[in-house]
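Visitor: what's the 3D shape of this:
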Amino acid sequence: MSMDAIDGWRTYEERQIREGFATRETDPNFPRLVANAKARGFEPAPLSALLATGNNNDLYTWQGRVWVKCKEELGQMSLAQS
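Guide: Numbering: from 1, shown residues only. Got it, this is the predicted structure:
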């Protein structure tokens, strides 16, 4: 029988990620951020992407939130240009 160790830091990080994800829906500026991000070819990162490990090259931070490239690129500008 094997026992898996609990990684306290990972548990803490996951809790922080979940709390941050939950606050985006209550942020009154979030719809405006989403519209601006989509115009640049990005969309909000889903919770599964935020919790997954090893996908840091697919995630982008901008305006205090985390984004992924849109499946269908709508914009030509990068988030860094704003």
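
Visitor: hey, where'd the helices end up in the chain?
Guide: 8-24, 30-39, 47-51 (DSSP state H).

Visitor: any buried residues in stretch 34-41, and which?
Guide: Val34, Asn36, Ala37, Arg40, Gly41 (16 or more other CB atoms under 10 Å). Heads up, the C-betas are built off the backbone N, CA and C, glycines and all.

Visitor: out of those, which one sits closest to Glu25?
Guide: Closest approach to Glu25 among those (CB to CB): Val34, at 10.8 Å.

Visitor: spatially central residue for this structure, please.
Guide: Val66 (3.0 Å; CA atoms, centre = their mean).

Visitor: so that one versus Leu51, what's the distance?
Guide: Distance, Val66 to Leu51, using CB to CB, to the nearest Å: 11 Å.

Visitor: swap in Arg10?
Guide: Distance from Arg10 to Leu51, by CB to CB: 10 Å.

Visitor: so for those two, which sits in the more crowded spot?
Guide: Leu51 (14 against 11; other CB atoms under 10 Å).

Visitor: isn't that one up against Ile17?
Guide: Yes - Leu51 is within contact range of Ile17, at 6.1 Å (criterion: CB atoms under 8 Å).
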